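Visitor: Provide a 3D model corresponding to the input given below.
(chains A and B)
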Amino acid sequence: TQLLEQSPQFLSIQEGENLTVYCNSSSVFSSLQWYRQEPGEGPVLLVTVVTGGEVKKLKRLTFQFGDARKDSSLHITAAQPGDTGLYLCAGASSNDYKLSFGAGTTVTVRA
Amino acid sequence: SAVISQKPSRDICQRGTSLTIQCQVDSQVTMMFWYRQQPGQSLTLIATANQGSEATYESGFVIDKFPISRPNLTFSTLTVSNMSPEDSSIYLCSVETFPGDEQFFGPGTRLTVL
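Guide: Next up, the predicted model:
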């Protein structure tokens, strides 16, 4: 099992502020996926990054994959209450394609 | 993407009983997985459900406790056997259309064992 560390564990911010969530590992991943999970729901896939150094933007969300494919970050600009949720990163091994999940970051955006 | 449904969505069970959770996908998929998410924690992979053969279990999970069936490419079941309060969790199934593809998750089954 490849260990993924997410930080911070909890994040509470005011609407309109920016936030960044980090996902780090000592292992190399073939790809990395970010999910958001709301209470009572399953995780919903936000993005997959596969190339070292890749940057993907989805509206106010920016995802980066480290050059060495060991780490990633999620940046949210001008956060809104609808961004509240548990953010999970998950790395895929090139050997067996199983996902290893980080512990998650609980984000609360206050109106 | 794939549309995944799970039944039941939640249940409250007595200690010592068993519960079977169903996972249905709207299209044929190669890979199906079962995860457990304990309260306030991340996802832990229980097993990979293989079509036509026994499931492949992760360390710490055994077939006697979590028997899995996968009769075809769109359906799988997970049974939680001889339940104890420690089995109270959200159980999630996920699918990959092809190995190494993106994983999509069902809505989960919230299990409470008294």
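
Visitor: which non-adjacent residue is nearest A:A103?
Guide: Closest residue in space to A:A103, ignoring its immediate chain neighbours: B:S42 at 4.8 Å, by Cβ to Cβ, 6 or more residues apart in numbering or on different chains. The way it works is simple: take the backbone N, C-alpha and C, and place the C-beta from them, glycine included.

Visitor: can you pull the residues of chain A lying near chain B?
Guide: Counting by Cβ under 8 Å from any Cβ of the partner chain, chain A comes close to chain B at A:1, A:30-31, A:33, A:35, A:40-45, A:48, A:88, A:90, A:92, A:97-99, A:101-104.

Visitor: mind checking which of those land in strands?
Guide: Among these, the members found in strands (DSSP state E) are A:S31, A:Q33, A:Y35, A:V44, A:L45, A:T48, A:L88, A:A90, A:A92, A:L99, A:F101.

Visitor: so which of the residues you listed is the most crowded?
Guide: A:L88 (27 neighbours; other Cβ atoms under 10 Å in any protein chain shown).

Visitor: for that residue, which non-adjacent residue is closest in space?
Guide: Per Cβ to Cβ, 6+ apart, closest to A:L88 is A:Y35, 4.5 Å.

Visitor: need the contact list for that neighbour.
Guide: Shown in contact with A:Y35 (Cβ atoms under 8 Å, 6 or more residues apart in numbering or on different chains): A:P43, A:V44, A:L45, A:L46, A:Y87, A:L88, A:C89, A:A90, B:F105.

Visitor: can you add pLDDT and distance to B:Y57 and give those back as CSV?
Guide: Below are those laid out as CSV (pLDDT from 0 to 100; distance: Cβ to Cβ, whole Å):
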residue, pLDDT, distance to B:Y57
A:P43, 94, 22
A:V44, 94, 27
A:L45, 93, 25
A:L46, 95, 29
A:Y87, 96, 28
A:L88, 96, 22
A:C89, 96, 24
A:A90, 94, 19
B:F105, 95, 19
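
Visitor: closest to A:Q64 out of those?
Guide: Distance to A:Q64 across these (Cβ to Cβ) is lowest for A:C89, with 11.6 Å.

Visitor: what sits opposite the nearest residue to that closest one once chain neighbours are set aside in the beta ladder?
Guide: Leaving out its chain neighbours, the residue that sits closest to A:C89 by Cβ to Cβ, 6+ apart is A:C23, at 3.6 Å. Per DSSP bridges, the residues bridged to A:C23 are A:Q6, A:S72.

Visitor: ok, A:C23 touching A:L3?
Guide: No: between A:C23 and A:L3 there is no contact under Cβ atoms under 8 Å: 11.0 Å.

Visitor: who's more crowded, these two?
Guide: Taking neighbours as other Cβ under 10 Å, A:C23 and A:L3 compare with A:C23 leading, 28 against 12.

Visitor: residue in chain B nearest to chain A?
Guide: Closest approach between chain B and chain A, counting by Cβ to the nearest Cβ: B:F105, at 3.7 Å.
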